[in-house]
Structures are given as C-alpha cells and as structure tokens.
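[1] Could you look at this predicted model? Sequence included:
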Amino acid sequence: MESAEKVIDLIASKGLTADESTYGILLAEYGRKGDAGKIVDFFMNEKYRNVFLDSRSISNIVFQLITNGHKEAVPQVCRFPLLSI
C-alpha cells in the first residue's frame, strides 16, 4: 500500500503525472483494505480535481469494497459526482 503511494510520489518527483489507471488501481487497493477514508480524501483533495476515473475503475473500487466485507463504505465513496457511472 505504502509502496503504491511512493510510486505516485516518485512519478510526481520526476515531473510526470500518474494517469487515471494508476489512481484507479491505488483506490481499488484502498477499497480492498476497507479504507473508505483514503478514497474520500483522494476525491476531496484539490490536487486530484482533474483526475476522472472510467466506469471500469469505479466498478473495481466498489467491487473491492463489497467483496472484502466493506459494503457499508460504498455509499460514502459513491457520493461524489465524479463517481457517477
């Protein structure tokens, strides 16, 4: 988990930008761990305002939450307009 965050920091330190797929994978991992707070923080962070996830990434985040016993977090995560499929 921390290594995924470090990869994104490394990408940024090289002057590059992670793509939506990279963020989708990271957020799905947060979902697997049940860390809805990190997912919400991501979408609340001004730094990520221009990141738009596709429906496949969004579905994967929700799938990870549900299949790993965190279905109570789905409404909290899906309240963002960016997550309308």
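    Ah, there it is. Numbering: from 1, shown residues only.

[2] And the closest residue to Val51 other than its chain neighbours, what's its pLDDT?
    Nearest residue to Val51 in three dimensions, chain neighbours excluded: Tyr23, at 5.4 Å (Cβ to Cβ, 6 or more residues apart in numbering). C-beta coordinates here come from the backbone N, C-alpha and C atoms, glycine included. What the model reports as pLDDT for Tyr23 is 90.

[3] tally of neighbours for Tyr23?
    Per other Cβ atoms under 10 Å, the neighbour tally for Tyr23 reads 18.

[4] Quick one: list the elements packing against the worst-scoring helix or strand of the chain on mean pLDDT.
    Every helix and strand in the chain was compared by mean pLDDT, DSSP states H and E; the lowest is helix 2-13, with a mean of 79. Judged by 3 or more Cβ pairs under 8 Å, 6 or more residues apart in numbering; DSSP states H and E, helix 2-13 is in contact with helix 20-33.

[5] need the next SSE after the helix it packs on, C-terminal direction.
    helix 36-44 (DSSP states H and E).

[6] Could you list the buried residues of that following helix?
    Ala36, Lys38, Ile39, Val40, Phe42, Phe43 (16 or more other Cβ atoms under 10 Å).

[7] That one to helix 20-33, inter-axis angle?
    Taking axes from the mean of the first three to the mean of the last three Cα atoms, to 10 degrees, one finds helix 36-44 and helix 20-33 inclined to each other by 150 degrees.

[8] nearest spatial neighbour of Ile66, skipping sequence neighbours?
    Closest residue in space to Ile66, ignoring its immediate chain neighbours: Val74 at 6.6 Å, by Cβ to Cβ, 6+ apart.

[9] In the buried residues of helix 36-44, which has the lowest confidence score?
    Here the lowest pLDDT out of those sits on Phe43, with 84.

[10] okay if I get the buried residues of helix 36-44 as CSV plus distance to Cys78?
    Below are these laid out as CSV (distance: Cβ to Cβ, whole Å):
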residue, distance to Cys78
Ala36, 10
Lys38, 15
Ile39, 10
Val40, 10
Phe42, 13
Phe43, 10
